[in-house]
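predicted model and sequence follow; I will ask about them next.
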Amino acid sequence: LNVSAGRGRALLGLGRVAEALAELERAVAAEPKNAEAHADLGSALQRLGRHGEALESVDRAISIDPDDADLHARRGHILKSLGRSAESGAALERAARAGPATAGQARP
């Protein structure tokens with residue numbers, strides 16, 4: 001269990017995004033193969049309007065867990081925020097193929 005990842009997720013849930021970001025950065029430094037921590041870091045970055053960095057974090061998460069539909073859905077939402085509609089659509093289609101029950105339910 002990565003304590004920083006858990007703390008970061010809790011802070012993110014409380015809307016304390018800047019604090020969550022610091023914890024999640026520690027989490028991915030401690031466990032670079034933790035896809036969930038990278039995904040949560042991406043969520044924090046996106047909520048701070050740092051969409052390019054958010055995309056990098058989610059892409060890292062996908063490289064660790066390429067079959068996770070939620071990760072592809074998050075990627076689609078971030079790409080949409082960046083105005084990259086065609087890529088966003090492709091990512092959301094990939095999410096639907098990976099797991100139709102969860103595609104599009106990821107937190108933006």
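Perfect, I can see it now. If you're wondering where the values come from, they're calculated on a predicted model, not measured in any experiment.

ok, now how distant is residue 16 from residue 56?
In this view, residue 16 and residue 56 are 22 Å apart by CB to CB, to the nearest Å. To be clear about C-beta, it is placed using only N, CA and C from the backbone, and glycine gets the same treatment.

again, but for residue 23
Residue 23 is 18 Å from residue 56, by CB to CB.

and these two? which has more neighbours close in?
More crowded of residue 23 and residue 56, by other CB atoms under 10 Å: residue 23, with 24 against 16.

and that one, which helix or strand is it part of?
helix 17-30 (DSSP states H and E).

report the mean confidence score over that helix.
For helix 17-30, mean pLDDT rounds to 97.

just stretch 36-49 next, same as before
Average pLDDT, stretch 36-49: 97.

run the chain-centre distance for it.
With CA atoms, centre = their mean, to the nearest Å as the basis, stretch 36-49 stands 5 Å off its chain's centre.

in that stretch, what counts as buried?
Under the neighbour-count criterion of 16 or more other CB atoms under 10 Å, stretch 36-49 has 36, 37, 38, 39, 40, 41, 42, 43, 44, 45, 46, 47 buried.

just checking, which of those residues belong to helices?
36, 37, 38, 39, 40, 41, 42, 43, 44, 45, 46, 47 (DSSP state H).
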